[in-house]
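In: Sharing a model that was predicted from the sequence below.
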Amino acid sequence: MFWWWFRRLSLLNGPVHRRALSTNLQNFLFDRILNFGPITVADFMKECLTNPCSGYYMKSDVLGKQGDFITSPEICQIFGELVGVWLVNIWADFKCPTEVNLVELGPGRGTLASDILRVFSRFPTAYNAVSLHLVEVSPKMRSLQKETILTTVSRLDITPPPIHWYTDFRDVPDNRPTFVLAHEFLDALPVHQFRKNKDYWREVLVDVTQTTEGSPQKERQFCFVQAPSQTSTQLVYLPLAGDVKGRDFVEVCPRALVLMDDLCQRLTKIPSAALLIDYGHLGEKGNTLRGFRNHQVCDALLDPGNIDLTCDVDFSMLQRRVTSSGCNVNVYGPVTQAYFLINMGLLTRLKTLVEQCDSESQREELLSGCEMLITEEQMGERFKFLAIVSPRDEDGGQPRPLPGFTDLPGTPYADPTV
């Protein structure tokens, strides 16, 4: 019951992490841990990112060149355009429904949604069918999203679609076909971490220690520790990681798995589709937790509430969850971002836009943006695309090929697997 008094006997190898600044959130976490014992990595992430008063995502604009990280839609307009084209294809496959919910989870600044609406505006019947549903917990980000989207539709000289905001995906109406986008959403969901020592697994926790090193007074510091015995969350979540032979570190994201369940249920109820985009892996990685500040990787325990925290998404775990759900849905991918974008026609679109550029600087910006999106050294291989789609008209009893997940004639890809 009082095992946390022995926590310092279980310190993980590695440096103890100093706090850079004293903040209310830091003090709250210090007091909570010192009074009640170490907390899970998932609890730490949740407080750091979404604490109502001091969470990172509760602040103003954290995206783009002036923020701590930049996302694909901010890099090049072609990204959002091709995702929009993919959605129009799905809409047509579902016999052009007259009412569609377009849902984005964690919409950022609203750039991706705006690019998609630009594409839909080229197809008036599709555009008029759309209502926009944004799942966002931050009031400040909601205001920014509204401004971005309304500015875009104003420039297009079209009437904006109905726009609704929610804090939970489950609150989005499910009475009509729904297209769900999750771009760099899953990587920010809290994870539980488990580490293997010899022949047993233990959960990784966040603790506080005090030191006099370099200071005449004791300084409180966050550190990682290992639970001395199995935690209740280990008993529940570690089995979800599947076969862990040959692995010594595992991350499990319960909220991502619950989202897969919710998506499968919706897609079974009414023809719908989901496109999940994030940087991730197929179960081969271990500890991927890291912080981001000013576009640089930093210590995840450095400054709670003032840095972004992220983990790579285990797409193999998501895929298993969907296929074992028993729901009548089809799963496509994961494929790499480079594969998806090129097979959606990125190179053709790039050629057209380059020819329309008015200056060399515009051409260079466009080319460098696309290079960042598709090269192996940058985002091309690290980012993965996974689609979950309600059954469409099948071909000989087999799921039909899906744009972006099937070779486009003339592209440099012959093997779509990651």
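Out: Done, it's in.
In: Adjacent strands (with direction) for the longest strand anywhere in the chain?
Out: In the chain, taking DSSP state E as the definition, the longest strand is strand 200-211. Note on strand 200-211: by DSSP bridges, its sheet partners are strand 39-40 (antiparallel), strand 192-197 (antiparallel), strand 219-226 (antiparallel).
In: Asn101 is nearest to which of those strands?
Out: With CB to CB as the measure, strand 192-197 is the member of the strands paired with strand 200-211 nearest Asn101 (31.4 Å). Yep, even glycine has a C-beta here, placed from its N, CA and C like the rest.
In: Any idea which of the strands paired with strand 200-211 gets closest to Glu81?
Out: strand 192-197 (37.2 Å).
In: Glu381: neighbour count?
Out: Other residues near Glu381 come to 16 when the count uses other CB atoms under 10 Å.
In: so the residue nearest to it when sequence neighbours are not counted bridges to which residues?
Out: Leaving aside its sequence neighbours, Glu381 sits nearest to Thr336 (CB to CB, 6 or more residues apart in numbering; 5.2 Å). Beta-bridge partners recorded for Thr336 (DSSP bridges): Lys384.
In: who's in contact with Thr336?
Out: For Thr336, the contact set (CB atoms under 8 Å, 6 or more residues apart in numbering) comprises Gly380, Glu381, Phe383, Lys384, Phe385, Val418.
In: How about Met141?
Out: Contacts of Met141 by CB under 8 Å, 6+ apart are Tyr57, Asp61, Pro107, Gly108, Arg109.
In: A helix includes it, no?
Out: Yes - judged by DSSP: H, G, I helix; E, B strand; the rest coil, Met141 forms part of a helix.
In: how much space between it and Tyr57?
Out: 7 Å (CB to CB, to the nearest Å).
In: just the helices in the stretch 51-200 of the chain please.
Out: For the stretch 51-200 of the chain, the helices defined by DSSP state H, counting those that start in this stretch cover 72-75, 77-93, 111-120, 124-129, 139-156.
In: out of those helices, nearest to Asp262?
Out: With CB to CB as the measure, helix 77-93 is the member of the helices of the stretch 51-200 of the chain nearest Asp262 (18.7 Å).
In: and the closest one, what other elements does it pack with?
Out: Counting contacts by 3 or more CB pairs under 8 Å, 6 or more residues apart in numbering; DSSP states H and E, helix 77-93 packs against helix 72-75, helix 111-120, helix 124-129, strand 178-183, strand 273-281, helix 337-343, helix 346-356, helix 360-374.
In: May I have the second one as PDB, with CA atoms only?
Out: So that's helix 111-120. Output in PDB follows, covering the C-alpha atoms of helix 111-120 (Å, rounded to 0.1, in the frame of the first residue of the first chain):
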ATOM      1  CA  THR A 111      -5.300  24.900 -42.000                       C
ATOM      2  CA  LEU A 112      -6.100  21.300 -43.100                       C
ATOM      3  CA  ALA A 113      -9.800  21.900 -42.800                       C
ATOM      4  CA  SER A 114      -9.500  25.000 -44.900                       C
ATOM      5  CA  ASP A 115      -7.500  23.300 -47.600                       C
ATOM      6  CA  ILE A 116     -10.100  20.500 -47.700                       C
ATOM      7  CA  LEU A 117     -13.000  23.000 -48.000                       C
ATOM      8  CA  ARG A 118     -11.100  24.600 -51.000                       C
ATOM      9  CA  VAL A 119     -11.100  21.300 -52.700                       C
ATOM     10  CA  PHE A 120     -14.800  20.600 -51.900                       C
END
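In: Which of the helices of the stretch 51-200 of the chain has the lowest mean pLDDT?
Out: For the helices of the stretch 51-200 of the chain, mean pLDDT drops lowest on helix 72-75, to a mean of 71.
In: Show me how far it is from its chain's centre.
Out: Here the centre of helix 72-75 is set off from its chain's centre by 14 Å, with CA atoms, centre = their mean, to the nearest Å.
In: Same question for stretch 163-173.
Out: From the chain centre to the centre of stretch 163-173 is a distance of 17 Å (CA atoms, centre = their mean).
In: related to what we said a few turns ago, so what sits against both of Met141 and Tyr57?
Out: Counting by CB under 8 Å, 6+ apart, Met141 and Tyr57 have no common neighbour.
In: got the contact list for the residue nearest to Ser72 when sequence neighbours are not counted?
Out: Computed as CB to CB, 6+ apart, the closest residue to Ser72 that is not its neighbour in sequence is Phe79, at 4.5 Å. Counting by CB under 8 Å, 6+ apart, Phe79 makes contact with Ser72, Pro73, Leu112, Asp115, Leu341, Leu373.
In: domain parsing for this structure?
Out: Using automatic domain parsing, the domains assigned to the chain come out as 3-60+191-251, 72-189+255-389.
In: with the contacts of Met141 in mind, which one is nearest to Tyr200?
Out: Tyr57 (35.7 Å).
In: Just confirm the closest one contacts Ser138, I think it does.
Out: Yes - counting by CB atoms under 8 Å, Tyr57 does reach Ser138; the two are 5.1 Å apart.
In: ChimeraX command for the buried members of the contacts of Met141?
Out: In ChimeraX, a selection of the buried entries from the contacts of Met141 looks like this (16 or more other CB atoms under 10 Å):
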select :57,107,108,109
